[in-house]
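Chemist: Predicted model, plus sequence, below.
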Amino acid sequence: MLLTSVIIIIREVLEAAFLISILLSLCVQLNLTRHWFKWSLAGGVAGSIALGSQFGWVSNLFGGIGQELVDAGLQVFIYLCLLYICFKFIDHYFKPSASNATFRAILTAVIACAMTREGSEIYIYLLAFQDLPEGGISLYSGSIIGFGIGLSCCALFYYWILSFSVSRSLLLGCVLLTTMASGMMLQAAKMLIQADLLPDGQLWDSNGLLAEESLAGQLLYALVGYEATPAPAQLMIYMASGLTMAGVMIARYQYWRHRQLPKEANQYGN
Amino acid sequence: MSSLRRFLIVSILSVLMLVNFIAALHGYKSSMAEAEKLFDQKLTAMALQLSSVPLRSQNNSPAPDNEHMVFQLFNADGKLAWRSVHAPDQYIAANEGFSENNFNGYRWRTLSYFNFVNGHRIMIAERMDLRYRLAERVILESIVPVVVVLPVAALLIWLIVGHGLKSLELLAGILRKKAADDLSVVSIDNTPIELTPVIASMNSLLRRLDDSFERERRFSADAAHELRTPISAIKMHLHNLRDEYPEHNSSLNSLERDVDRLAHLVEQMLLLHRTTPDHYPAKFESLSLAALASEIIATNYADFSKKEQSIELHGDEGRVSGDRFALRIMLQNLLNNAYKYTQRGGFIKVVIDTGPDSVRLTVSDNGPGISAEVKSRVFERFYRVGGDRHASGSSGCGLGLSIVEHIAELHRASISMSEGEGGIGLAFTVVFPLSFVFGELT
């Protein structure tokens, strides 16, 4: 029970916590306000309890695939928000300015949604097992250990990103946000496969190489969307979403580079 | 801005938590594996014991009634000779040795053992969930303290980090409380080795800064003072030259103007030095701004009259706590400015107004005023609007308003500049706060 609790909680905590640490560290590096964070935390906790407590009702929606659709919808929304956020981070890097209300609202929404998705699953898990005879101490000890490991990883990760220069932090942050966002699209695809809206299948099984349930597997799952037994549809969506996001960011980066080059040229009198 | 204390506490606590929890998990897994072995050993011992007991006596024994552990005993012919109450009456299909099976609605750890001496086979099984729960209960006893002790560790880390950063916070507090003119060296008791070079460098910088300020102060004061004597001598010689060479009167007039200008500059430099708030020996007394203004206007009335300028004094008594000498210079400079830059036949007005928390002194004129672009520069030293080519044609050195600013600062007063009455000309307003006027006087 303890081990199961640890694995489940780490799996849920790591993804949202990594997202928070990357976004917060980039905001610090780019001198952007972080006042939005408390609102996103409050929204995430409220959303987790709301979605978790209405799990039965949500699951029965759309002929019994409500939970899968809501989950997939949240993942797609987070992906789109992260696309916009990376775009704006590049803008703020080249043209430092205060973040506008839309940007702050999207930062708040993305963390609140990520927390809602993961938090509701934790809420359901704790609620379901707390009354079982094998629950109790092992359930809560496992949960605390899972939370502790997840939060510790992310706090250290946050300071690790802050230890780089602004340009390197931005590069690292954008790459990780791209892989995380693509990982979320991969999970959205998994949900749609579970709802029989996408074809199932198995391309390979890398559990022997790196078990999904191991700590390293959980870290990779949170950071790059590691899946030991992906379906073809999942892989395609993962690749497409990753390439789209990377393409948009490279285009934005090039746009700013070209805008800066003539200025640099003028400075040297050309 | 990142906090050093937060970084240290969060990082140390994170590392501690990560290492402890991973160690606890590792310990949990190892202990569970050991517990499994112990439970298996217990099953083996029981299987050996059961298989070696003669069947005749077993038939007479009552069947054990334990729902957590069941057994079946088969004789040499392969017939079920004895079983526990909750054991199935059919052969438990299990491989030789240990295996895991499902029956009676539970998952069981089963040992199939064949006794080669008497040909008996014993099938003994223990419920997985119960043995797992039992093992976990024992192991959790050692893990729970690791989890529970963490808040205590966090509190201790908080206190230790706080203690470690105490010297840094002390230094920050000393620097925060330091007055702008306080360039004395900083010292902290029991300075840590890491902070010693920082304090040493800072003290060295403060000393150099103090020396350089002192040199600057001495230089301007000494230079101005030393220049006074030769200027007086030049003036005297100039007077003699006028008598000796009356035909060169025009050149001598120009020379006299320049010498006067130089004398004025020297006087202003001395005043600027003397009125610097950092080292002005102010003698505050209760005085009336209106009386002071009236006195200065009366003294300079001939000059205003010469330029056909009208001058008015309005308002109340304007009682403030101030240094008479300094306030006189301030009023003199403001009126002198208005006089110089206001055209012939112009209008100058002095208004003193006592409010609930301040006394306002306004000197306005209907002169040409100044453009918005240069407004921010008028208080700079040696800055003159339009320089020597100003339309007024008056001479000056550009120190008058810097002196006024010093004197305002000395009295905790604020000075501002705006357009004169009706948007024409220029107005300088000095606001003396009453908290200073009466608070510090008493």
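Modeler: It's in.
Chemist: which of the residues in the helix or strand hosting residue A:9 are buried?
Modeler: Per DSSP states H and E, residue A:9 falls inside helix A:2-29. Within helix A:2-29, the residues scored as buried using 16 or more other C-beta atoms under 10 Å in any protein chain shown are A:2-29. C-betas here are computed from N, CA, C, even on glycine.
Chemist: now swap in stretch B:320-332 and tell me
Modeler: Under the neighbour-count criterion of 16+ other C-beta under 10 Å, stretch B:320-332 has B:320-323, B:326-332 buried.
Chemist: got the CA coordinates for it in PDB?
Modeler: Taking C-alpha atoms only, stretch B:320-332 is exported to PDB below (Å, rounded to 0.1, in the frame of the first residue of the first chain):
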ATOM      1  CA  VAL B 320       8.900  78.900  11.000                       C
ATOM      2  CA  SER B 321      11.800  77.400  12.800                       C
ATOM      3  CA  GLY B 322      14.800  78.300  10.700                       C
ATOM      4  CA  ASP B 323      18.300  79.500  10.500                       C
ATOM      5  CA  ARG B 324      18.100  83.300  10.000                       C
ATOM      6  CA  PHE B 325      21.300  83.600   8.000                       C
ATOM      7  CA  ALA B 326      20.400  80.700   5.700                       C
ATOM      8  CA  LEU B 327      16.800  81.800   5.100                       C
ATOM      9  CA  ARG B 328      18.000  85.300   4.400                       C
ATOM     10  CA  ILE B 329      20.300  84.000   1.700                       C
ATOM     11  CA  MET B 330      17.500  81.800   0.300                       C
ATOM     12  CA  LEU B 331      15.100  84.800   0.000                       C
ATOM     13  CA  GLN B 332      17.800  87.000  -1.300                       C
END
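Chemist: Can you give the distance from it to the centre of its chain?
Modeler: With C-alpha atoms, centre = their mean, to the nearest Å as the basis, stretch B:320-332 stands 38 Å off its chain's centre.
Chemist: which residues does residue A:7 contact?
Modeler: Residues near residue A:7 by C-beta atoms under 8 Å, 6 or more residues apart in numbering or on different chains: A:146, A:213, A:218.
Chemist: try residue B:202
Modeler: Neighbouring residues of residue B:202 by C-beta under 8 Å, 6+ apart: residue B:186.
Chemist: so it sits in a strand?
Modeler: No. Residue state for residue B:202 (DSSP: H, G, I helix; E, B strand; the rest coil) corresponds to helix; a strand is not indicated.
Chemist: Could you identify which of the contacts of residue A:7 has the most neighbours?
Modeler: When neighbours are counted by other C-beta atoms under 10 Å in any protein chain shown, residue A:146 leads the contacts of residue A:7 with 27 neighbours.
Chemist: Now that residue. Nearest residue, chain neighbours left out?
Modeler: Once flanking residues are discounted, residue A:146 sits nearest to residue A:9: 2.7 Å by C-beta to C-beta, 6 or more residues apart in numbering or on different chains.
Chemist: distance of the one you found from residue B:331?
Modeler: Separation of residue A:9 from residue B:331 (C-beta to C-beta, to the nearest Å): 76 Å.
Chemist: so how many other residues sit close to the residue in the stretch 251-400 of chain B positioned nearest to chain A?
Modeler: Residue nearest to chain A within the stretch 251-400 of chain B (C-beta to the nearest C-beta): residue B:376, separated by 25.4 Å. Close neighbours of residue B:376, defined as other C-beta under 10 Å, add up to 9.
Chemist: Could I get the pLDDT score of it?
Modeler: Residue B:376 carries a pLDDT value of 71.
Chemist: for residue A:175, same thing?
Modeler: 93.
Chemist: now the residue of the stretch 251-400 of chain B closest to chain A, what's its secondary structure?
Modeler: Residue B:376 ends up helix, using three-state DSSP.
Chemist: Farthest pair within the buried residues of stretch B:320-332?
Modeler: Spatially, the most separated pair among the buried residues of stretch B:320-332 is B:321 and B:332, at 19.7 Å (C-beta to C-beta).
Chemist: Helices - which of the contacts of residue A:7 land there?
Modeler: When DSSP state H defines the helices, the subset of the contacts of residue A:7 inside them is A:146, A:218.
Chemist: Output the below-cut-off pLDDT ranges for chain A.
Modeler: Scanning chain A for pLDDT under 70 picks out A:132-136, A:261-270.
Chemist: how about a cut-off of 90?
Modeler: Along chain A, segments meeting pLDDT under 90 span A:1-16, A:29-36, A:51-68, A:71, A:91-103, A:117-118, A:121-151, A:153-154, A:194-230, A:256-270.
Chemist: Run through the residues of chain B sitting next to chain A.
Modeler: Counting by C-beta under 8 Å from any C-beta of the partner chain, the residues of chain B close to chain A are B:2, B:7, B:10-11, B:13-15, B:17-18, B:21-22, B:24-25, B:28-29, B:129, B:132-133, B:136, B:140, B:143-144, B:147, B:150.
Chemist: Can you tell me which of these are buried?
Modeler: The neighbour-count criterion (16+ other C-beta under 10 Å) marks B:10-11, B:13-14, B:17-18, B:21, B:24-25, B:28, B:132, B:136, B:140, B:143-144, B:147, B:150 among the residues of chain B next to chain A as buried.
Chemist: Next one: the residue nearest to residue A:146 from residue B:4, what distance?
Modeler: 31 Å.
Chemist: Test my guess that residue B:339 contacts residue B:305.
Modeler: No. Applying C-beta atoms under 8 Å as the test, residue B:339 and residue B:305 come out as separate, 10.8 Å apart.
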